[in-house]
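>>> Got a sequence here, can you build the structure:
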Amino acid sequence: MRSLSTFLLAQMPSKTYIRNEAGAVGAVKSGSRGTPVTTPTSPTSPSLPTGPTQQATQALAQLEALRNNKTYSSLREHIIYAGEFVADPLHNINDAPGLLVYLTRNLYQGQHYLSLLFAGAQTPQSPQSPP
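The predicted model follows:
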């Protein structure tokens, strides 16, 4: 669940602002060497944050550090996915259910009762044509 909390931290670049659209200001993303960097943005209002919080940056760095931790070696693929998901500036708070679905399906396989969690987060089906 560290990846979900990291994602949520990354979507709240200030106490009064939540990233609720793709490409919104304050995104955190991973640098080429694994160190988080801020996404360059030019806020339209002085009240908008210019980058992620220090807490979000540290949480992403800690999540990415798990890639090389032997204890988490069996989860490496999922840690990479979660890190990339968090670091993608096109993801926003509305994408949290999608991350939860991914984590639940992959980390708790065989726990079919958890399918209730992602009933509302399913990919929408194409509209049915009228009869």
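
>>> Would you map the strands across this protein?
With strands called from DSSP state E, the chain shows them at 28-30, 36-38.

>>> Out of those strands, which gets the lowest mean score?
Ranked by mean pLDDT, the strands of the chain end with strand 36-38 at the bottom, a mean of 42.

>>> any idea which helix or strand of this protein has the worst average confidence?
strand 36-38 (a mean of 42; mean pLDDT, DSSP states H and E).

>>> so Thr53 sits right up against Tyr17, yeah?
No: under the criterion of C-beta atoms under 8 Å, Thr53 is not in contact with Tyr17, lying 10.3 Å apart. From N, CA and C alone the C-beta is placed, and that goes for glycine too.

>>> quick one, what contacts Ala65?
Listed by C-beta atoms under 8 Å, 6 or more residues apart in numbering, the contact set of Ala65 is empty.

>>> so where is this protein shaky, pLDDT-wise?
Under the criterion pLDDT under 70, the flagged ranges of the chain are 30-47, 117-131.

>>> which residue ranges form the helices in it?
2-10, 54-65, 76-87, 96-107 (DSSP state H).
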